[in-house]
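>>> need a structure here:
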Amino acid sequence: MTEQYVAAIDQGTTSSRCIVFDRRGDVVSVGQREHRQIFPRPGWVEHDAAEIWANVVAVVEEALAAGGLTPDRLAAVGITNQRETTVVWDRRTGEPVHHAIVWQDTRTDRLLDVLGGEAGQDRFRERCGLPLATYFSGPKLRWLLDEVPGLRERAERGEVLFGTVDTWLVWKLTGRHVTDVTNASRTMLMNLHTLDWDEQILDAMGVPAAMLPEIRSSSEVYGTARGPLEGVPVAAALGDQHAALFGQTCFDPGDVKGTYGTGAFLVLNTGTEPVVSANGLLTTVGYRIGDRPAVYALEGSIAMAGSLVQWLRDNLGMISHAAEIEELASTVSDNGGCYIVPAFSGLFAPHWRSDARGVVAGLTSYVTRAHLARAVLEATAWQTREVVDAMNSDSGIPLTSLKVDGGMVANALLNQALADVLDLEVVRPKVAETTCLGAAYAAGLAVGYWPDLDSLRANWRRDAVWTPAIDPRLRDREYRNWKKAVQRTLGWVEAERE
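Numbers count the residues shown, from 1 in each chain. This is a model prediction of the structure:
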C-alpha cells in the first residue's frame, strides 16, 4: 500500500505554511510564503484575506511538489491559524468586505470603554473567560459593523459571514461555515461553559447571530477539500497556541508549553473544568477531540517577543538578520543595567494595560548595542516570568519544566535566560514545528491515522535541555529592576491625550 501522510496548513501573522508529516511526526516537506503587513494608521494592523488565501493555495502546491506527492497521498489536512484576527466576507461572492483586522490591532481601544460600561474590563469574563481588550475578535467585529457603511444591515440579513482565519480557510476549502472551540473561545462571544455563542454577550456587543459560524470540536471532519487538496478530508482546526499545546503532547493537567514567535504564549492544561484566573491570565479552551469533554487551559499572552528582535533589526538597524542577535548579545556578560519593556501596543498578560507604551530604562553611557541586544532577549524571559508567577498562583501547582517551541527557541541564549529567570528546566523538542504538528495530529486522530493520544506521546522526543545557572540573589535583583521598568510604561497614552 502506498504510504499516507497528514498535512497541516499554518496561517500565521507574517506568513502561511503547509507542512506534510509522516506517522512519526517528522517533517516530509514544507511550503512557505510571507504576506503583506498593512498599517493604515498608528496602532492599526491589517491583512488582505484574499492574499492570504492565494498564498495558502501556493504553499499547499509547493509542499506537495517538494514531497513528490498528490492529494490522494494525504489522509487528512488540519488547519492552525493566527487567532483573533477578524475576517468578514460576502456569503455569495466570497469577497472580503474589508481588510482583516489583525490581533495586534488597537483601534478598538476607546470602544472598550463603551462596551465595559460601569462593570469595566471584566464585564464578560465570567461568561467567556476573557477581559475586554483590543486583542479579541468581538470588539473588532463590532468596529467593522459600526464603521463599514451598510455592513450591519447586511449582517442582520445574513448576507455577510464572520470568521477568524480558520473559518475563512475552511470556508474557502469546503464551503462550510464553521469554527472550532479554541478559536471561538478567543472571540469573547462564546460561553466557556456551554461552548456555544452567548446570547447576552452578542446582544451587548451588537453582533448579529446570523453572521456567526457553527462551533465544532477541534478534531473532526468538517468537509472534503476542493481545489489544491481535492478530495482530502479537512479534519481539524485549532488556534495556533492550542495547536502547539497539542503538538507538544501536553495532554495532562499541569502540562505547560511556551511558544516563542512574533509574540510569546504560555498555555497550561487545567483539565476538563475551566479555571478562572485571579492574576491576569486568560481562561480558554485548550482543545476538544470529537465528542469528548473539552480540555481547558490558562494562557498568558505576550504581545512582543520575536517582533522585538525584528524591531531591533528593521527600525534600529543594529543587526542584519534576526539570527545575529544571539552572537551580538553573547559578546557581553549581562545587560549593562539596561531593560527594554516592549509595550508597543500596550501590555498583555498579566497586566492588560492598553495605556502602556514601550520604554528603555537604565541607560548610561556604558551601554552598547550588545547590551541592548541582550536586553531584547531578556525582555522575553522576564515577561515569561511574570506569566509563570501568575500560573503558579492560579493553578496551585508550581511548574517544574517548560516545553518550548517556535522560531525564537533556536536561540540557545534565550533558552538559557528562560531557565535562569524561571528557575525551571527548559526543554526543546526534536520536532520544533509543534504548531503545525498539533494541527496534523488532531486531523490524523479524526480519521484514524493515529489511533490515540498515547501514540502521539510516543512520537515526542527531546532535542535539548537548559537548566538554571544563575545566582538566586542576582535573579531576584534583576526581577526587581524589571518590575520597576514595567511601572514606567503605564499611563503613557492617557498622559499624551491630556
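>>> Isn't Thr14 up against Gln32?
No: using C-beta atoms under 8 Å, Thr14 is not in contact with Gln32, being 10.2 Å away. Every residue, glycine included, has its C-beta placed from N, CA and C.
>>> Now stretch 327-340: buried residues?
Going by neighbour count (16 or more other C-beta atoms under 10 Å), the buried part of stretch 327-340 is Leu328, Ala329, Val332, Asn335, Gly336, Cys338, Tyr339, Ile340.
>>> what does it rub up against?
For stretch 327-340, the surrounding residues in contact (C-beta atoms under 8 Å, 6 or more residues apart in numbering) are 308, 318-319, 358-364, 366-379, 382, 413, 481-482, 485.
>>> quick one: secondary structure of Ile19?
Three-state call for Ile19 (DSSP: H, G, I helix; E, B strand; the rest coil): strand.
>>> Secondary structure element holding Thr435?
Element membership for Thr435 (DSSP states H and E) is helix 434-447.
>>> Heading C-terminal from that helix, find the next helix or strand.
Following helix 434-447 toward the C-terminus (DSSP H and E): helix 453-459.
>>> Remind me what that next one packs against, helices and strands.
helix 434-447 (3 or more C-beta pairs under 8 Å, 6 or more residues apart in numbering; DSSP states H and E).
>>> Looks to me like Lys285 is in a helix.
No, residue 285 isn't Lys; it's Val. No: counting by three-state DSSP, Val285 is located in no helix; its state is strand.
>>> you'd agree it is up against Asn191?
No: contact criterion C-beta under 8 Å: Val285 and Asn191 do not qualify, at 11.1 Å.
>>> So if I had to pick from the two, which one is more boxed in?
Using other C-beta atoms under 10 Å, the more surrounded residue of Val285 and Asn191 is Val285, with 27 against 19.
>>> show me what contacts that one?
Going by C-beta under 8 Å, 6+ apart, Val285 touches Val181, Thr182, Ala184, Ser185, Leu192, Leu195, His242, Ala294, Val295, Tyr296, Ala297.
>>> So how do I select the buried members of those residues in ChimeraX?
In ChimeraX syntax, the buried subset of these is picked out as below (16+ other C-beta under 10 Å):
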select :181,182,184,185,192,195,242,294,295,296,297
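>>> is it possible to export the contacts of Val285 to a markdown table including pLDDT?
What follows is the contacts of Val285, written out as a markdown table (pLDDT from 0 to 100):
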| residue | pLDDT |
| --- | --- |
| Val181 | 97 |
| Thr182 | 97 |
| Ala184 | 97 |
| Ser185 | 95 |
| Leu192 | 95 |
| Leu195 | 97 |
| His242 | 95 |
| Ala294 | 96 |
| Val295 | 96 |
| Tyr296 | 95 |
| Ala297 | 94 |
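>>> List the buried residues for the strand or helix carrying Tyr222?
Counting by DSSP H and E, the element that carries Tyr222 is strand 219-224. Neighbour-count burial for strand 219-224 flags Ser219, Glu220, Val221, Tyr222, Thr224 (criterion: 16+ other C-beta under 10 Å).
>>> Need these in CSV (columns: pLDDT).
Below are those laid out as CSV (pLDDT from 0 to 100):
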residue, pLDDT
Ser219, 97
Glu220, 97
Val221, 97
Tyr222, 97
Thr224, 97
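>>> Which SSE is immediately downstream of the helix ranked longest in the chain?
In the chain, taking DSSP state H as the definition, the longest helix is helix 369-395. Moving toward the C-terminus from helix 369-395, the first helix or strand encountered (DSSP H and E) is strand 401-405.
>>> remind me which residues of the protein are low pLDDT?
Residue ranges of the chain with pLDDT under 70: 1, 494-498.
>>> 80 instead?
1-2, 397, 432, 494-498 (pLDDT under 80).
>>> rewinding a little: what's the strand holding Tyr222 in contact with?
By C-beta under 8 Å, 6+ apart, strand 219-224 touches 76, 170, 173-176, 178, 216, 231-237, 287-290, 442-443, 445-447.
>>> Which among these count as buried?
For the contacts of strand 219-224, buried by 16+ other C-beta under 10 Å: 76, 170, 173-174, 178, 216, 232-237, 287-289, 442-443, 445-447.
>>> Restricted to strands, list those.
Within the buried ones among the contacts of strand 219-224, residues falling in strands by DSSP state E are Ala76, Val178, Arg216, Pro233, Val234, Ala235, Ala236, Ala237, Tyr287.
>>> And the furthest pair within these?
Pro233 and Tyr287 (18.2 Å; C-beta to C-beta).
>>> Kindly format the C-alpha coordinates of stretch 417-427 as PDB.
Once non-C-alpha atoms are left out, stretch 417-427 reads as follows in PDB (Å, rounded to 0.1, in the frame of the first residue of the first chain):
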ATOM      1  CA  ALA A 417      17.800  33.100  30.000                       C
ATOM      2  CA  LEU A 418      14.400  31.500  30.400                       C
ATOM      3  CA  ALA A 419      15.900  28.700  32.600                       C
ATOM      4  CA  ASP A 420      17.700  31.300  34.700                       C
ATOM      5  CA  VAL A 421      14.800  33.700  35.300                       C
ATOM      6  CA  LEU A 422      12.200  31.000  35.700                       C
ATOM      7  CA  ASP A 423      14.400  28.700  37.900                       C
ATOM      8  CA  LEU A 424      13.000  25.800  35.700                       C
ATOM      9  CA  GLU A 425      14.200  23.200  33.300                       C
ATOM     10  CA  VAL A 426      13.500  24.400  29.700                       C
ATOM     11  CA  VAL A 427      13.100  21.600  27.200                       C
END
